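J.: please work out how this folds:
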Amino acid sequence: MEQRIGSSSQPLEGAGFDPAFIPGLTSPVSGEAESGPEKAEVTAEEVVEEPAEEAAEEPTEEEASDGPVFEAADRRAKIVADHRGVRLSLDDQSCEFRWDEIGAIETETPRFGKRYTITVHTPDRRWYPIEIEAKSRSSFEEWDGRIDAVLDAYFEDETPQTAEEESDETP
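T.: All right, here's what the predicted structure looks like:
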């Protein structure tokens, strides 16, 4: 009598297990081609090289700017506004806006509580709010002053008025 070692069931194929599977148009993708040793070595090299390049670029950009910087963070959220733009982070999610991508920045202080809200508005009518929990309500005034200094230094209105136009408008 002949006995087989191992399972006699065949692996299942189809859209239930591979969303890219379309019968008749594509062949099933085998997992062996993706997980070969050559592929693993290439990805490991790429991962090692990328952070080194980013770390080398950042100090040079920050050294170039002596302007104001706004930074506020709590245990989950963080906002940084400097010469490069505005960066928002919440847990493991983050986004970055250059100054030319920003339509407006809105700040909101609650009547009660310690959550300071900053909302970045883009020209295409999208907005990105982030709430920072302050240690005390007294830090709201300090944060407002620092964010205003950053906006005055880096944020430009779309239609700046020249000195001649302003003098013509005053009676």
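J.: and the next helix or strand past the worst-scoring helix or strand of the chain on mean pLDDT?
T.: Within the chain, no helix or strand scores below helix 37-64, which has a mean of 44 by mean pLDDT, DSSP states H and E. Heading C-terminal from helix 37-64, the first helix or strand you meet, by DSSP states H and E, is strand 70-73.
J.: what strands line up against that following strand, and which way round?
T.: strand 77-82 (antiparallel) (DSSP bridges).
J.: output the strand it pairs with as PDB, nothing but the C-alphas.
T.: Extracted C-alpha coordinates of strand 77-82, given in PDB (Å, rounded to 0.1, in the frame of the first residue of the first chain):
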ATOM      1  CA  ALA A  77       0.500  64.700  17.600                       C
ATOM      2  CA  LYS A  78       3.200  67.100  16.400                       C
ATOM      3  CA  ILE A  79       3.300  70.200  14.200                       C
ATOM      4  CA  VAL A  80       6.400  71.900  12.800                       C
ATOM      5  CA  ALA A  81       6.300  75.100  10.700                       C
ATOM      6  CA  ASP A  82       9.600  76.500   9.400                       C
END
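J.: next helix or strand past that strand?
T.: strand 85-90.
J.: dump that next one to PDB, keeping only the CA atoms.
T.: Output of strand 85-90 as PDB, limited to C-alpha atoms (Å, rounded to 0.1, in the frame of the first residue of the first chain):
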ATOM      1  CA  GLY A  85       6.700  74.500   5.100                       C
ATOM      2  CA  VAL A  86       4.300  72.800   7.600                       C
ATOM      3  CA  ARG A  87       4.600  69.200   8.700                       C
ATOM      4  CA  LEU A  88       1.800  67.500  10.600                       C
ATOM      5  CA  SER A  89       2.100  64.100  12.400                       C
ATOM      6  CA  LEU A  90      -0.500  62.100  14.200                       C
END
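J.: what are the contacting residues of that strand?
T.: Residues outside strand 85-90 that contact it (C-beta atoms under 8 Å, 6 or more residues apart in numbering) are 76-81, 94-99, 101-102, 105, 118, 120, 128, 130. Just so you know, the C-beta spots here come from the backbone N, C-alpha and C atoms, and that holds for glycine as well.
J.: so in that sheet, which strands flank that strand, and in what orientation?
T.: strand 77-82 (antiparallel), strand 93-97 (antiparallel).
J.: residue ranges in this structure under the pLDDT threshold?
T.: Within the chain, the set of residues satisfying pLDDT under 70 comprises 1-4, 6-65, 157-171.
J.: count of residues packed around R137?
T.: R137 has 13 neighbours, counted by other C-beta atoms under 10 Å.
J.: hmm, I typed the wrong one, I wanted S94.
T.: S94: 10 neighbours (other C-beta under 10 Å).
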